[in-house]
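# here's my sequence, what's the structure:
(one chain, ligands or ions: 2)
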Amino acid sequence: MKDLIIIKIGGQAISELTDDFFEQLAVWRMQGKKILLLHGGGPLITKLCQQLQVPVVKKDGVRVTDAQTLALTKLVLLGQAQPLLLQKLSDHQLPVVGLNAADNQMLVGKYLDQSVYGEVGTVVSVNQDKLLPLLDSYIGVLAPLAMTPAGNWLNVNADQAAADVASLLGAKKLYLMTDVAGVLNQHHLIPHLTKLVSQKLVAEKIISSGMQPKIKAAFAACTAGVEQVAITNCLQNPGTIITKE
Ligand SMILES: Nc1ncnc2c1ncn2[C@@H]1O[C@H](COP(=O)(O)OP(=O)(O)O)[C@@H](O)[C@H]1O
Ligand SMILES: CC(=O)N[C@@H](CCC(=O)OP(=O)(O)O)C(=O)O
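Ligands and ions are numbered 1, 2, ... in the order given. Now for the predicted structure:
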């Protein structure tokens, strides 16, 4: 879908959004683009778990999620992170609609590997018939949670969710907005990143922690045909562009 732009906003990045961000969204809306935001909330989930003395376990940047962690994750994503982002967009006079997996089977998921990650999944289908007409009038804001056909909630890494949704909807552009200017090597921005180079940087531990699922998601979207995939902290700066070759 050539007019669809998907933007993932990391939990940290939500509280650091500047006027440029909202101005760019307004410009795209005036140009008739459809905009869908996928929000994170990782730092808030970790904070609540720590306050309640629930262990925080991550594997390659993905939260290992037991039933208790899943309950807290839903609480934070749907009760804190999403309302915060919706309020900021509304404050900038942008029309918004908050969405999650429980609305009309919006995001159907499957388990990633239950024996390793617990209640964690990926998105396998999107209710396009319900979603796309909404995006004619509103900026959609989706939480990174999916539901299995049997009705079990799944925690989905927000980068993965954004890449899955962008791939399934055939989006033209995917921006993974985070708290750093892009992928860095010794503090220098890497303007273009290929899969081969990224694998080398992961092996050398130059790419680590939360950047790992981001890179994986970015290449998956690129391979699935999303034309432009960027990791950045600002919609006006290209950051790191993900390239196939
Ligand atoms: N090579 C790298 N370049 C940039 N950031 C990196 C790199 N390796 C690890 N990181 C870490 O990844 C973080 C971004 O991932 P994450 O904290 O999960 O953000 P988000 O919440 O936006 O998804 C950066 O703040 C940085 O600490
Ligand atoms: C399975 C998994 O890792 N889910 C993530 C979902 C939120 C997220 O990805 O938020 P950020 O983008 O702010 O990191 C988590 O529980 O932290």
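# contacts and neighbour counts: CA atoms only from here.
Noted.
# continuing past the lowest-mean-pLDDT helix or strand in the chain, what's the next helix or strand?
Lowest on mean pLDDT, DSSP states H and E among the helices and strands of the chain sits helix 11-14, with a mean of 92. For helix 11-14, the following helix or strand on the C-terminal side (DSSP states H and E) is helix 19-30.
# buried residues in that next one?
22, 25-26, 29 (16 or more other Cα atoms under 10 Å).
# and the next helix or strand after it, is it in reach of ligand 1?
Scanning forward in sequence from helix 19-30 by DSSP H and E, the next helix or strand is strand 34-39. No - contact of strand 34-39 with ligand 1 (Cα under 6 Å from any ligand atom) is absent, the minimum separation being 9.1 Å.
# what packs against whichever helix or strand comes after strand 34-39?
Next helix or strand after strand 34-39 toward the C-terminus (DSSP H and E): helix 42-51. Judged by 3 or more Cα pairs under 8 Å, 6 or more residues apart in numbering; DSSP states H and E, the packing partners of helix 42-51 are helix 11-14, helix 67-76.
# compare those helices and give me the one nearest ligand 1.
helix 11-14 (4.7 Å; Cα to the nearest ligand atom).
# what distance separates the closest one from the middle of the whole chain?
11 Å (Cα atoms, centre = their mean, to the nearest Å).
# list just the nearest of the buried residues of helix 19-30 to ligand 1.
residue 22 (17.7 Å).
# let's have the buried residues of helix 19-30 in JSON lines, adding distance to ligand 1 and pLDDT.
Shown next, in JSON lines, are the buried residues of helix 19-30 (distance: Cα to the nearest ligand atom, whole Å; pLDDT from 0 to 100):
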{"residue": "22", "distance to ligand 1": "18", "pLDDT": "98"}
{"residue": "25", "distance to ligand 1": "19", "pLDDT": "98"}
{"residue": "26", "distance to ligand 1": "22", "pLDDT": "98"}
{"residue": "29", "distance to ligand 1": "24", "pLDDT": "97"}
